[in-house]
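>>> Task: produce atomic coordinates for the following.
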Amino acid sequence: MPNPSIKDEKRYQKVRDKGASKEKAARIANASAAEGRKTVSKRGGRSSSYDDMSKSELYDRAKKVGIPGRSSMSKKDLISALRNH
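Predicted coordinates:
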């Protein structure tokens with residue numbers, strides 16, 4: 001059954017099949033439906049590597065996106081949670 005909040009159901013399913021969370025897949029699918037895939041893909045790659053960030057920077061980013069349990073996570077755990085969010 002299609003979800004009315006997902007604008008590009010095919011893109012959503014492809015991103016989910018690659019292992020992305022439902023939330024991340026929805027963001028990607030809706031952005032590509034609204035602006036076009038080429039425009040969305042050009043925006044990628046501007047963020048610095050998580051490995052180069054300090055634990056406090058990772059914590060702040062995790063807080064911004066709402067990752068639960070972030071206060072007890074190690075740097076490695078924060079990186080993993082952010083990559084899979």
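
>>> From now on I want contacts and neighbour counts done on CA atoms only, so please keep to that.
Fine.

>>> Mind jotting down where the helices sit in this protein?
9-17, 22-35, 37-43, 55-65, 75-83 (DSSP state H).

>>> do you know which of those lies nearest N3?
Judged by C-alpha to C-alpha, the one of the helices of the chain that comes nearest to N3 is helix 9-17, at 8.0 Å.

>>> which stretches of this protein aren't confidently modelled?
1-2, 37-38, 40-48 (pLDDT under 70).

>>> nearest residue to the most centrally placed residue in it other than its sequence neighbours?
Using C-alpha atoms, centre = their mean, the residue of the chain that lies closest to the mean C-alpha position is K24, 4.3 Å off. Excluding its sequence neighbours, the residue lying closest to K24 (C-alpha to C-alpha, 6 or more residues apart in numbering) is H85, at 6.4 Å.

>>> The one you found and S21 touch, don't they?
Yes. Counting by C-alpha atoms under 8 Å, H85 does reach S21; the two are 5.8 Å apart.

>>> burial count for K18?
A total of 9 residues lie near K18 under the criterion other C-alpha atoms under 10 Å.

>>> what about it, distance to A62?
As judged by C-alpha to C-alpha, to the nearest Å, K18 and A62 stand 22 Å apart.

>>> on that earlier part again, measure the residue nearest to K24 to D77 for me?
Using C-alpha to C-alpha, H85 is found at 12 Å from D77.

>>> So those two - more neighbours on which side?
The neighbour comparison of H85 against D77 (other C-alpha under 10 Å) goes to H85, with 16 against 13.

>>> pretty sure N84 is touching K22, no?
No. Assessed by C-alpha under 8 Å, N84 is found out of contact with K22, at 10.3 Å.
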